[in-house]
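[1] Just to be clear, the model below is a prediction. Sequence and coordinates:
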Amino acid sequence: MVELTEEEKKVVEAMKMLKATNENSLKTLDHIAKASMLPKGRVAVVVQGLLNKKVIKRVAREKAAGYYLAMQV
C-alpha cells in the first residue's frame with residue numbers, strides 16, 4: 001500500500017469523483033484542480049508526486065495532458 005499525503009488523498013478523491021479511472025476518461029489539471037479545490041500550481045506538484053508513486057498515469061495529448069488513476073488506493 002502506498003502512503004499518501006493529505007493533498008495527494010484530496011487529488012485522488014477528486015479523480016475518483018470525476019471518474020478518471022481509465023484511459024478513456026482522462027482529466028486535465030484544470031479539471032482536477034476544480035474538483036479538489038486546490039490551486040492548479042499545487043495540483044501540478046501533487047500530480048507529479050503521484051506519478052512518481054505510480055498511483056496515476058499521464059497520457060500526452062495535442063493540447064493538455066490527461067491523467068487517470070492507475071491503481072485503487
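    Yep, that arrived.
[2] Check for me that Tyr68 belongs to a strand.
    Yes. Counting by DSSP: H, G, I helix; E, B strand; the rest coil, Tyr68 falls inside a strand.
[3] separation between it and Leu50?
    Tyr68 sits 11 Å away from Leu50, going by Cβ to Cβ, to the nearest Å. All C-beta spots, glycine's among them, are computed from the backbone N, C-alpha and C.
[4] list the residues that contact both of these two?
    Common contact partners of Tyr68 and Leu50 (Cβ atoms under 8 Å, 6 or more residues apart in numbering): Ile56.
[5] When those two are compared, which one has more neighbours?
    Using other Cβ atoms under 10 Å as the criterion, Tyr68 and Leu50 rank with Leu50 on top: 24 against 19.
[6] isn't there a strand covering the more buried one?
    No. Counting by three-state DSSP, one finds Leu50 to be helix, located in no strand.
[7] quick one: contacts for the residue lying farthest from the centre of the chain?
    Relative to the centre of the chain, and counting by Cα atoms, centre = their mean, the farthest-placed residue is Glu62 at 18.5 Å. By Cβ under 8 Å, 6+ apart, no residues touch Glu62.
[8] Any idea how far apart the tips of stretch 22-29 sit?
    Start-to-end span of stretch 22-29 (Cα to Cα, to the nearest Å) is 16 Å.
[9] neighbouring contacts of it?
    By Cβ under 8 Å, 6+ apart, stretch 22-29 touches 15, 18-20, 35, 40, 43-44, 47, 57, 59, 61, 64-68.
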